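In: Only the shape, not the letters, is given here:
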């Protein structure tokens, strides 16, 4: 702490450096090798995180509630990592947003301390500079996506990762909201860390009587505000750790009680520690632009640290009184005095050399560039080897003191004493057994829209299927093609006149160099497709001439023939055509898959905290019980093939046996049929929508009856097209959910339809989904 002595000021300041698609099991077998496992025809899991067996937590998000991470919070992060290291051998550390200068990055510090073998660039999502660029241009979704992709790549190399939260103070962000969005995007539970001093607004003030302040309430407010924000963003809050706890009797019990009232688990309070507060003398030299007097060894300068500053003005008696007042043996003092205060300088040196006084960590002389005469005399007298480090600051006394007061102590890879101290304090004051037990528990790994889209894009990029786009000269389609090619998600064939497509691409500044542009009338496979179409439709009276005309003028028929013959893996159309125009050729030429007599559709409803699958919302107007069962089975397989664990709820206007009638009986019969045909699936019904998705409602309406689906359904099957389409549109428009689809399922090969009001991003997403479907078929 910084003590100002003398007659000029009675104020005292503290100096801070405390660290403070409808495919059956046979079709899916073998796709995405290593990503899922079938056992006895039972789907165990598709991605490493999803499946019948719920996934272990693969990481934890560390959020600093008082303005984001800072130097004084490193000790808590370090203590947590040390604790987890003992039971998580594949431990990693990741920063979603790290400081731009490489030497200041938290990831760089942790890499040095824990000897992580990861490349430094892989240990963070984006730099602060990149984060500023994206947030200032209102591209927060892009920021989340970049962080997610970097974290997923890093997570793949580790069994468990600690992700430390971020702050963008330059852009005036709310740290809690920013970190809640990141934690939600990454699907990680949060562990909150609150700096008691900062939360109370007393960061570096010297407080003699903490009892006079209502600091506990400020601390609780900081933790509670963060907890509310995280929970609203569907992030599980594991508990709260307090650090830099003031030395107030009963404070820990009071904090525990207040947090308990807010349903926040108290995990411990780490007191202030003088060792962790210390600042290297070398840092003082650097920040002051100071000169080291005498020929002091570099090693001694680099190792010298201070956790108390005494600003000595003119009263020598006050200097000695305050110098001796601190009985803490770990206190390391630096004396700051003007270079012309010879009496203070000489007495400080004498006290350092005396056994009756604590030894000094250093002396800072202020107000000049030339050494004082007294220093020259000491040097000539050969006393330099018995002196503490003495540095000369060019700034005046109080300016120097203010600069040093703003310094924060650092824990660096060579801070061996601090590292050991941080580990000891964490183990002593934090409920480490509870932390380890909680992070070892199995819990459902959530999936949000960013995760879902990223997983789809990742699979599409790996599978690299060939997708045909019949609307090759449609502007949105051309723009989407450019994005798809740039991301490397698939190979593309655009149908249409070569000159017209290139004209549109040039106007929109889209590079189609990697795409194949094909005019049906010029295709070498035209006659092959004519014969295929004629054979498929001759029983309906179609002639070869009619087949030829249809293929030359209807791009959807030509594209469907390409898919049916294996010249393309899938097709996407509908930006300027009706659903019937897109689906009719597929039903005539590709036909439905074995065991699935009807084609149907699903929408992936990307809500803020999860992805639900709605079916059928686009094709079958009033399915029978048997058809409804087929839709349920196909929808479950489609959900599973995209990483959504299928828990299938067949919906109605009643739950269980609460009502009866022909509409409810249709659903009951459909559940029985689907369960008999696919006993490996979780299927239940009839269920009302609220009982299907809300656990509390499910308990009430099912009257205690156990159900693997009720309250946690992920696939929702509507009894008819009317209800399905209405709910799909209502959810999309009322909640802002992203509706990806319709995805057509039940065909032998994938053909998907677009809405005529689709955006470029809709087309990109649908093509990626089609590519994943195509890979599943193979």
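Out: Perfect, thanks for sending it. Because the structure is predicted, anything quoted here is derived from the model rather than measured.
In: Run through the residues that contact residue 653.
Out: When the contact criterion is C-beta atoms under 8 Å, 6 or more residues apart in numbering, the partners of residue 653 are 659, 663-664, 688. No exception for glycine: its C-beta is placed from N, CA and C like everyone else's.
In: With respect to residue 222, which of the residues you listed is nearest?
Out: Distance to residue 222, by C-beta to C-beta, is smallest for residue 688 among the contacts of residue 653, at 40.7 Å.
In: Just give me the neighbour total for the closest one.
Out: 21 (other C-beta atoms under 10 Å).
In: Contacts only, for it.
Out: Counting by C-beta under 8 Å, 6+ apart, residue 688 makes contact with 651-655, 701.
In: Also residue 366?
Out: Going by C-beta under 8 Å, 6+ apart, residue 366 touches 336-339, 392-393, 395-397, 399-400.
In: Please, where are all the helices along the stretch 251-400 of the chain?
Out: Using DSSP state H, counting those that start in this stretch, the helices found in the stretch 251-400 of the chain span residues 251-261, 274-277, 281-288, 298-303, 316-325, 342-353, 373-380, 397-405.
In: what's the average pLDDT for the fifth one?
Out: The pLDDT scores in helix 316-325 average 57.
In: Then stretch 693-704?
Out: For stretch 693-704, mean pLDDT is 88.
In: Next, the residues that contact it from outside, please.
Out: Under the contact criterion C-beta under 8 Å, 6+ apart, stretch 693-704 has outside partners 612, 649, 655-656, 658, 687-688, 690-692, 707, 710-713, 716.
In: First-to-last residue distance for it?
Out: Using C-alpha to C-alpha, to the nearest Å, the gap from the first to the last residue of stretch 693-704 comes to 16 Å.
In: again, but for stretch 393-410
Out: 21 Å.
In: PyMOL command to pick out the buried ones of the contacts of residue 366?
Out: Buried members of these, defined by 16 or more other C-beta atoms under 10 Å, are picked up in PyMOL with:
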select buried, resi 336+337+338+339+392+393+395+397+400
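In: Dump the contacts of residue 366 to a markdown table, plus pLDDT and distance to residue 481.
Out: Output for these, formatted as a markdown table (pLDDT from 0 to 100; distance: C-beta to C-beta, whole Å):
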| residue | pLDDT | distance to residue 481 |
| --- | --- | --- |
| 336 | 85 | 67 |
| 337 | 83 | 72 |
| 338 | 81 | 72 |
| 339 | 76 | 72 |
| 392 | 87 | 67 |
| 393 | 89 | 63 |
| 395 | 88 | 62 |
| 396 | 87 | 66 |
| 397 | 85 | 68 |
| 399 | 87 | 62 |
| 400 | 88 | 63 |
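In: Mean pLDDT lowest where, among the helices of the stretch 251-400 of the chain?
Out: Lowest mean pLDDT of the helices of the stretch 251-400 of the chain: helix 316-325, a mean of 57.
In: show me what contacts the residue nearest the centre of the chain?
Out: Central residue of the chain (C-alpha atoms, centre = their mean): residue 186, 2.8 Å from the mean position. By C-beta under 8 Å, 6+ apart, residue 186 lies in contact with 59, 61, 96, 147-148, 151, 163.
In: Can you read off the backbone torsions of the closest residue to residue 617 other than its chain neighbours?
Out: Leaving aside its sequence neighbours, residue 617 sits nearest to residue 724 (C-beta to C-beta, 6 or more residues apart in numbering; 3.9 Å). Torsion angles at residue 724 (phi, psi; degrees, to the nearest 10) stand at phi -60, psi -50.
In: hang on, the earlier thing: among the contacts of stretch 693-704, which ones are in helices?
Out: The helices, defined by DSSP state H, take in 690-692 from those.
In: Please produce TSV containing these, extended by distance to residue 743.
Out: Listed next are these as TSV, based on distance: C-beta to C-beta, whole Å:
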residue	distance to residue 743
690	25
691	26
692	20
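In: Narrow these to those that are buried.
Out: Buried among those (16+ other C-beta under 10 Å): 691-692.
In: Now flag whichever of the ones in helices among the contacts of stretch 693-704 is closest to residue 107.
Out: residue 692 (42.6 Å).
In: Pull the contacting residues for that closest one.
Out: For residue 692, the contact set (C-beta under 8 Å, 6+ apart) comprises 649, 651, 698, 709-711, 713, 716.
In: what about residue 656, distance to residue 646?
Out: Separation of residue 656 from residue 646 (C-beta to C-beta, to the nearest Å): 21 Å.
In: about what we covered before: possible to save the contacts of residue 186 as CSV with neighbour count, distance to residue 233 and pLDDT?
Out: As requested, the contacts of residue 186 are exported to CSV (neighbours: other C-beta atoms under 10 Å; distance: C-beta to C-beta, whole Å; pLDDT from 0 to 100):
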residue, neighbour count, distance to residue 233, pLDDT
59, 25, 17, 90
61, 27, 11, 95
96, 27, 14, 93
147, 27, 15, 92
148, 21, 14, 90
151, 24, 17, 91
163, 26, 15, 95
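In: which one of those sits closest to residue 414?
Out: After measuring these against residue 414 - C-beta to C-beta - the closest member comes out as residue 163, at 25.3 Å.
In: doesn't residue 94 make contact with that closest one?
Out: Yes. Contact between residue 163 and residue 94 holds when scored by C-beta atoms under 8 Å: they sit 4.8 Å apart.
In: which neighbours do the two share?
Out: Shared contacts of residue 163 and residue 94, defined by C-beta under 8 Å, 6+ apart, comprise 59, 151.
In: So residue 193, which state does it fall into?
Out: strand (DSSP: H, G, I helix; E, B strand; the rest coil).
In: residues touching residue 388, list them.
Out: By C-beta under 8 Å, 6+ apart, residue 388 lies in contact with 304, 349, 352, 359-363.
In: Can you pick out the most distant pair from these?
Out: Between all members of the contacts of residue 388, the farthest pair (by C-beta to C-beta) comes out as 304 and 349, at 15.3 Å.
In: need the contact list for the closest residue to residue 555 other than its chain neighbours.
Out: Spatial nearest neighbour of residue 555, chain neighbours left out: residue 470 (3.5 Å); criterion: C-beta to C-beta, 6+ apart. Applying C-beta under 8 Å, 6+ apart, we find residue 470 in contact with 495, 555-556, 558-559, 571, 573, 577.
In: can you list those in a markdown table and add secondary structure?
Out: Shown next, in a markdown table, are the contacts of residue 470 (three-state DSSP):
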| residue | secondary structure |
| --- | --- |
| 495 | strand |
| 555 | helix |
| 556 | helix |
| 558 | helix |
| 559 | helix |
| 571 | strand |
| 573 | strand |
| 577 | coil |
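In: ok, of those residues, which one's closest to residue 677?
Out: Distances from residue 677 to those, taken by C-beta to C-beta, are shortest for residue 571, at 28.8 Å.
In: where's the closest one relative to residue 264, distance?
Out: Separation of residue 571 from residue 264 (C-beta to C-beta) stands at 52 Å.
In: now residue 332
Out: Taking C-beta to C-beta, one finds residue 332 at 36 Å from residue 264.
In: Of those two, which one has the most company?
Out: residue 332 (23 against 20).
In: Touching, that one and residue 309? I think so.
Out: No. Using C-beta under 8 Å as the test, residue 332 is too far from residue 309 to be in contact (10.2 Å).
In: And the strands in the stretch 301-450 of the chain?
Out: 305-306, 308-311, 333-338, 360-366, 390-393 (DSSP state E, counting those that start in this stretch).
In: that older thread, could the contacts of residue 688 be laid out in CSV, adding distance to residue 462?
Out: Output for these, formatted as CSV (distance: C-beta to C-beta, whole Å):
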residue, distance to residue 462
651, 35
652, 40
653, 43
654, 44
655, 41
701, 42
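In: May I have the phi/psi pair for the closest residue to residue 271 other than its chain neighbours?
Out: Distance criterion C-beta to C-beta, 6+ apart; nearest residue to residue 271, sequence neighbours excluded, is residue 245 at 4.7 Å. Dihedral pair for residue 245: phi -70, psi 130, per degrees, to the nearest 10.
In: All set now, cheers.
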